[in-house]
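[1] Quick one: sequence plus predicted model below, questions after.
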Amino acid sequence: MKIIENRKKFFALSLVMILIGFAAMFYQGSKGNGMLNWDVEFTGGTAMEIDMGEAYDHDKLSEVIFNITGQKSPQIQDVIGTNEVAVKIQSIDSETRGKLEDAIKAAFPLSDVKESSDVSGTVSSEMQKAAMKATFLACVAMLIYISIRFKDIRAGGSAIIALLHDVLFVIATYAIFRIPVNNTFIAVILTILGYSVNATIVIFDRIRENHDRFKPRETAEKINKSIAQTLARSINTSVTTLLAVGAVYVFGVQSIKEFALPMMVGIVVGAYSSVCISGSVWFTLLPTKEK
């Protein structure tokens, strides 16, 4: 394998894909749609508590909401152990809210809208700050751990750059496919961070183990060999996880698919960055005398 020799190609490919994501964000922003499709948790909106009276079809309820409000991805959550459901959508006026309640009653005769209210944007602001703080602290903790574990801050720095690369890819996915950015966005980002850094540490650990088997000026060969030795593990882990998440995407309801799609992208990109980006960045950061 010649990962290090082709590092500039990998860097260029990643840069192009990330720029496509940013282009999609600016395009949507210029149309007035918002750079990202922020959901109710982040922007505020309308929340409804509905007693469906019996088992119901999620897709049918989503269709009813779309027909009245034009919103394609309402957040629909079942209340476990009951026939009740919590629905959150972008803000609608009182007239539209009345039409929606009538449409739900017509489509589901046993249903009863128990409560309908506006969700404050103040809560969403706090959630954004908490998400940013959690991501920042996770990155700092990983930087410290990896730097100490491998006695090289460049290793920690390259791992963080690879993580930032993965996060930008996931954000690009949300921008391109207009996936609603809600509380699952936070879960996706933090899950991908943990998944990706684990794969990166496995490769870095093998590089450390192979340190004494190569001459000082054979760093590229050492990294390539270490990646090749751990490649089967990286592929097997990614494929098995991808199959599980893929099944969730295929058979899940819309709200689950909004979680599964960016997760699948994150899994693939995380494996790619661990193999092709993290080691390449580490090599690039090394002084010339150590290469």
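    Arrived safely.
[2] Domains in the chain, by residue range?
    7-32+123-290, 45-119 (automatic domain parsing).
[3] So what's the gap between the shortest one and the chain middle?
    Looking back up the chat, that one is domain 45-119. 27 Å (Cα atoms, centre = their mean, to the nearest Å).
[4] How about stretch 20-40?
    16 Å.
[5] And for it, what's in contact with it?
    Outside of stretch 20-40, the residues within contact range by Cβ atoms under 8 Å, 6 or more residues apart in numbering are 45-47, 73, 75, 88-90, 119, 124, 168-169, 171-176, 178-182. C-beta: built from backbone N, CA, C; applies to glycine.
[6] can you give me the helices for the stretch 151-291 of the chain?
    Along the stretch 151-291 of the chain, counting by DSSP state H, counting those that start in this stretch, helices occupy 153-177, 183-209, 219-251, 254-272, 279-285.
[7] Nearest to residue 13, out of those helices?
    Closest to residue 13 of those, according to Cβ to Cβ: helix 254-272, at 9.1 Å.
[8] Can you report how many residues lie near residue 110?
    11 (other Cβ atoms under 10 Å).
[9] for residue 247, that is, sorry about that
    Neighbours of residue 247 (other Cβ under 10 Å): 11.
[10] Contact partners for it?
    Residue 247 touches nothing, counting by Cβ under 8 Å, 6+ apart.
[11] Whichever of the contacts of stretch 20-40 end up buried, select them in PyMOL.
    Applying 16 or more other Cβ atoms under 10 Å to the contacts of stretch 20-40 leaves a buried subset, and the PyMOL line that selects it is:
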select buried, resi 45+46+47+73+75+88+89+90+119+124+168+169+171+172+173+174+175+176+179+180+181+182
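[12] circling back: please identify the deepest-packed of the domains of the chain.
    The highest mean neighbour count among the domains of the chain, using mean count of other Cβ atoms under 10 Å, belongs to domain 7-32+123-290: a mean of 17.
[13] ok, back up a step: output the helices of the stretch 151-291 of the chain as CSV; include the columns distance to residue 52 and mean pLDDT.
    Output for the helices of the stretch 151-291 of the chain, formatted as CSV (distance: least, Cβ to Cβ, whole Å; pLDDT from 0 to 100):
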stretch, distance to residue 52, mean pLDDT
helix 153-177, 29, 90
helix 183-209, 23, 86
helix 219-251, 21, 91
helix 254-272, 16, 88
helix 279-285, 51, 92
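[14] Any idea which of those gets closest to residue 107?
    Comparing the helices of the stretch 151-291 of the chain under Cβ to Cβ, the one sitting nearest is helix 254-272, at 16.4 Å.
[15] what does that closest one contact?
    58-59, 62, 73, 75-77, 165-166, 169-170, 173-174, 177, 179-180, 182, 184-185, 187-188, 191-192, 195-196, 199, 234-235, 237-238, 241-242, 245-246, 248-249, 252.
[16] For stretch 257-277, list the C-alpha coordinates in CSV.
    The C-alpha trace of stretch 257-277 is given here as CSV (Å, rounded to 0.1, in the frame of the first residue of the first chain):
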residue,chain,number,x,y,z
LYS,A,257,-33.7,7.4,8.9
GLU,A,258,-32.7,11.0,9.7
PHE,A,259,-30.3,9.5,12.2
ALA,A,260,-29.2,6.5,10.2
LEU,A,261,-28.3,8.3,6.9
PRO,A,262,-25.6,10.6,8.4
MET,A,263,-24.4,7.8,10.6
MET,A,264,-23.8,5.7,7.6
VAL,A,265,-21.9,8.5,5.9
GLY,A,266,-19.9,9.1,9.1
ILE,A,267,-19.0,5.4,9.4
VAL,A,268,-17.7,5.3,5.8
VAL,A,269,-15.9,8.6,6.2
GLY,A,270,-14.5,7.7,9.6
ALA,A,271,-12.9,4.5,8.1
TYR,A,272,-11.6,6.5,5.2
SER,A,273,-10.0,9.2,7.4
SER,A,274,-8.5,6.7,9.8
VAL,A,275,-6.8,4.8,6.9
CYS,A,276,-6.0,7.6,4.4
ILE,A,277,-6.0,10.9,6.3
